[in-house]
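Participant: task: produce atomic coordinates for the following.
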Amino acid sequence: MAEKPEKKVETSTKSKYPLEELTANAEALFSVHREVMVGALHGVTVNEMSVAEAKNLVKQFLEKKVK
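Facilitator: Below you'll find the predicted structure:
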């Protein structure tokens, strides 16, 4: 009997973490110092976000042009 291929279940909800936890683990997660993470999160009004969202903010912060 032929095996049926497994169906992959995509979850649309990503795990969210407190900003303090993301900042404390910035070096391990994003390869940046804590201070860079603080700068990237400056002005953010949410208390939690996913690792992907935080990584995107760090990338934008690092690529931002200095005036």
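
Participant: residues near residue 44, how many?
Facilitator: A total of 12 residues lie near residue 44 under the criterion other C-beta atoms under 10 Å. For every residue, glycine as well, the C-beta is placed using N, CA and C.

Participant: one more: residue 29?
Facilitator: 17.

Participant: mind checking pLDDT for it?
Facilitator: At residue 29, the predicted lDDT confidence score is 96.

Participant: that one - nearest residue in space that isn't next to it in sequence?
Facilitator: residue 51 (6.1 Å; C-beta to C-beta, 6 or more residues apart in numbering).

Participant: do the same with residue 39
Facilitator: Closest to residue 39 by C-beta to C-beta, 6+ apart is residue 61, at 5.8 Å.

Participant: and if you look at residue 53?
Facilitator: That would be residue 14: by C-beta to C-beta, 6+ apart, it lies 8.0 Å from residue 53.

Participant: which residues does the one you found contact?
Facilitator: 50, 51, 52, 53 (C-beta atoms under 8 Å, 6 or more residues apart in numbering).

Participant: from those residues, which is closest to residue 41?
Facilitator: residue 53 (10.6 Å; C-beta to C-beta).

Participant: model confidence for the residue sitting nearest the centre point of the chain, exactly?
Facilitator: The structure's the chain has its C-alpha centroid closest to residue 51; by C-alpha atoms, centre = their mean the separation is 2.3 Å. On the pLDDT scale, residue 51 is placed at 96.

Participant: residue 35 and residue 52: what is the separation?
Facilitator: With distances taken as C-beta to C-beta, to the nearest Å, residue 35 is found 21 Å from residue 52.

Participant: now the longest helix along the chain, how far from the centre of its chain.
Facilitator: Across the chain, the longest stretch assigned as helix under DSSP state H is helix 51-63. Helix 51-63 sits 7 Å away from the centroid of its parent chain (C-alpha atoms, centre = their mean, to the nearest Å).

Participant: buried residues, it. List them.
Facilitator: 53, 54, 55, 57, 58, 61 (16 or more other C-beta atoms under 10 Å).

Participant: please convert those to a markdown table, extending it with distance to residue 21.
Facilitator: A markdown table is the format used below for these (distance: C-beta to C-beta, whole Å):
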| residue | distance to residue 21 |
| --- | --- |
| 53 | 13 |
| 54 | 10 |
| 55 | 14 |
| 57 | 15 |
| 58 | 15 |
| 61 | 18 |
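
Participant: before I go, just wanted to say thanks for your time.
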